[in-house]
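**Q** kindly generate the corresponding structure for this input.
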Amino acid sequence: MPRKRSLARTDFLRLAGARTRRFHGALFSLSVTGLPAGARGPKCACVVSKKVSPKAVERNRIKRRCREAVRAFLLKRQEPLALVFYAKREARGAAFEDIREDTASLLGRALV
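**A** The predicted model follows:
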């Protein structure tokens, strides 16, 4: 995923009080928020807590797979949105195809 499409720490702080919509899937929860008018295109972040997986290697694997599953979608859309994926415990042992299906279904429900 290109760096310009990822949420920075300052973006997270700015979105803390914003109005969000939440969607829940089997492996991830998706939080959708609008970005300020000056932003171009959607931005995405994948959050994996230590409760989901205590090992950093596993957390990083889940984040990489999530970003790859969402990458094609981000390149197609132009709306200024902030998409934050929160991993659930079930994502730890999930195959890449399962992650791709779950993120696609969440994005489909969120952006209808």
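
**Q** ranges for the strands of this structure?
**A** Under the criterion DSSP state E, the chain contains strands at 21-24, 28-34, 43-47, 81-87.

**Q** in JSON lines: these, plus mean neighbour count.
**A** For the C-beta atoms, the positions are set from N, CA and C on the backbone; glycine is no exception. JSON lines is the format used below for the strands of the chain (neighbours: other CB atoms under 10 Å):
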{"stretch": "strand 21-24", "mean neighbour count": "12"}
{"stretch": "strand 28-34", "mean neighbour count": "20"}
{"stretch": "strand 43-47", "mean neighbour count": "22"}
{"stretch": "strand 81-87", "mean neighbour count": "22"}
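
**Q** mind listing the residues bridging to the spatially most central residue of the chain?
**A** Geometric centre of the chain, nearest residue: residue 85, 3.0 Å, by CA atoms, centre = their mean. Beta-bridge partners of residue 85, counted by DSSP bridges, are residue 30, residue 46.

**Q** quick check, it in contact with residue 52.
**A** No. Between residue 85 and residue 52 there is no contact under CB atoms under 8 Å: 11.7 Å.

**Q** ok, and for the helix ranked longest in the chain, which residues are buried?
**A** Secondary structure assigned by DSSP state H gives helix 56-76 as the longest helix of the chain. Judged by neighbour count (16 or more other CB atoms under 10 Å), helix 56-76 contains these buried residues: 59, 61, 62, 63, 65, 66, 67, 69, 70, 73, 74.

**Q** packing partners of it?
**A** Under the contact criterion of 3 or more CB pairs under 8 Å, 6 or more residues apart in numbering; DSSP states H and E, helix 56-76 touches strand 43-47, strand 81-87, helix 96-110.

**Q** now do 10 Å
**A** Under the contact criterion of 3 or more CB pairs under 10 Å, 6 or more residues apart in numbering; DSSP states H and E, helix 56-76 touches strand 28-34, strand 43-47, strand 81-87, helix 96-110.

**Q** specify the angle between that helix and strand 43-47 in degrees.
**A** 160 degrees (axes from the mean of the first three to the mean of the last three CA atoms, to 10 degrees).
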